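Undergrad: Sequence first, predicted model second:
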Amino acid sequence: MKVQLTEAVRHAVTRGAPVVALESTIIAHGMPYPQNLEMAREVEEVVRGGGAVPATIAIVDGVLRAGLSDAELAHFAETGPSIMKVSTRDIPYVVARRQTGATTVASTMRIAALAGIRVFATGGIGGAHREAGESFDISNDLNEFAVSDVAVVTAGAKAILDLPLTLEILETNGVPVVGFGTGEFPAFYSRQSGLAAPMRLDTADEVAAMMKAKWSLGLKGGVVVANPISPADEIPASEITPHINRALAEAKEQGVAGKQVTPFLLKRITEITEGRSLKANIALVMNNARVAAAIAVAYARR
């Protein structure tokens, strides 16, 4: 087995029972301590409450892992910034050096697919950064969707990104983007982006049917299930956009680049909004986990 599974995850995968993958970068680099640990524990409970088995993905001492112990979750939360942020390209380096790494959306998708897990809940996917036409700063998440057979439940792409270009790249890669209960592509903190979702499905059963149809036809790659943040938890685009623009300007002034851009921006937006964006981020993760569990249950029935 290329991926080491916990007993609960192994038993579920073997039986074809519902499993939901979760990423570890959101713990190590996406939120401050101790909120990150509280989120990591709570999101696993939300998945269990929805009838599925949670499998937090990471690399520990060079071993690909699907499922972490509570002590390991605490380690990732407490020592996050010192743990390497691992995308797909970094996996062989970290494995060969027997290092520990926190997996991004892309690498979580790849490891989940290797483990036989078909549903993954995250916060927001990566995408094309603003001014990507000049910088070519485009997340590997978009490439991974063309490769790994995993449905990813997300509150859209992170609002700090160029959303129209992100959707264009997904289309070029042949990736279905489904609005879950909405005809509009959500914008992470906000329910509305002004961009139409290419497709719409309203139930977990409909999403599961699409997943089965796609992979049964031999069409490789993932599915973006764009699930908007709940109305009670959202920050409207008109309110969050000025804060995002301010954080982007600061990142540019300070020369922040590469893997450090997203953690820097999320941290600054949290500071600028006095924690409001962090609360929204946690809320949308839980909302995505609930939907992902329902989809995993529906897919397992098929």
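TA: Looks like it came in fine.

Undergrad: With only the CA atoms kept, save stretch 215-223 in PDB.
TA: Presented in PDB, the C-alpha positions along stretch 215-223 are these (Å, rounded to 0.1, in the frame of the first residue of the first chain):
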ATOM      1  CA  TRP A 215     -15.500   7.900 -13.900                       C
ATOM      2  CA  SER A 216     -17.500   5.000 -15.300                       C
ATOM      3  CA  LEU A 217     -17.000   6.600 -18.700                       C
ATOM      4  CA  GLY A 218     -13.200   6.600 -18.200                       C
ATOM      5  CA  LEU A 219     -13.100  10.400 -17.900                       C
ATOM      6  CA  LYS A 220     -10.100  11.100 -15.600                       C
ATOM      7  CA  GLY A 221      -9.900  13.900 -13.100                       C
ATOM      8  CA  GLY A 222     -11.800  15.500 -10.300                       C
ATOM      9  CA  VAL A 223     -15.000  17.500  -9.800                       C
END
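
Undergrad: Quick one: residues contacting the spatially closest residue to residue 268 that is not a sequence neighbour.
TA: Nearest residue to residue 268, sequence neighbours excluded (C-beta to C-beta, 6 or more residues apart in numbering): residue 247, at 4.0 Å. C-beta: built from backbone N, CA, C; applies to glycine. Applying C-beta atoms under 8 Å, 6 or more residues apart in numbering, we find residue 247 in contact with 160, 264-265, 268-269, 272.

Undergrad: repeat that for 7 Å
TA: By C-beta atoms under 7 Å, 6 or more residues apart in numbering, the contact set of residue 247 is 265, 268-269, 272.

Undergrad: With residue 2 instead?
TA: Contacts of residue 2 by C-beta under 7 Å, 6+ apart are 64, 114.

Undergrad: can you check the one 10 residues further on too?
TA: Neighbouring residues of residue 12 by C-beta under 7 Å, 6+ apart: 19, 53.

Undergrad: doesn't it fall inside a strand?
TA: No: remark: residue 12 does not belong to a strand; assigned using DSSP: H, G, I helix; E, B strand; the rest coil, it is helix.

Undergrad: mind checking how far it is from residue 155?
TA: For residue 12, the distance to residue 155 (C-beta to C-beta, to the nearest Å) stands at 25 Å.

Undergrad: re earlier: tell me which element the residue nearest to residue 268 falls in.
TA: helix 237-253 (DSSP states H and E).

Undergrad: among the helices and strands of this structure, which one scores worst on average pLDDT?
TA: Lowest by mean pLDDT, DSSP states H and E among the helices and strands of the chain is helix 132-135, with a mean of 75.

Undergrad: Can you spell out which helices and strands pack onto the helix or strand just after it?
TA: Under the assignment DSSP H and E, the closest C-terminal helix or strand after helix 132-135 is helix 141-144. The contact analysis (3 or more C-beta pairs under 7 Å, 6 or more residues apart in numbering; DSSP states H and E) places helix 141-144 against helix 105-115, helix 163-172.
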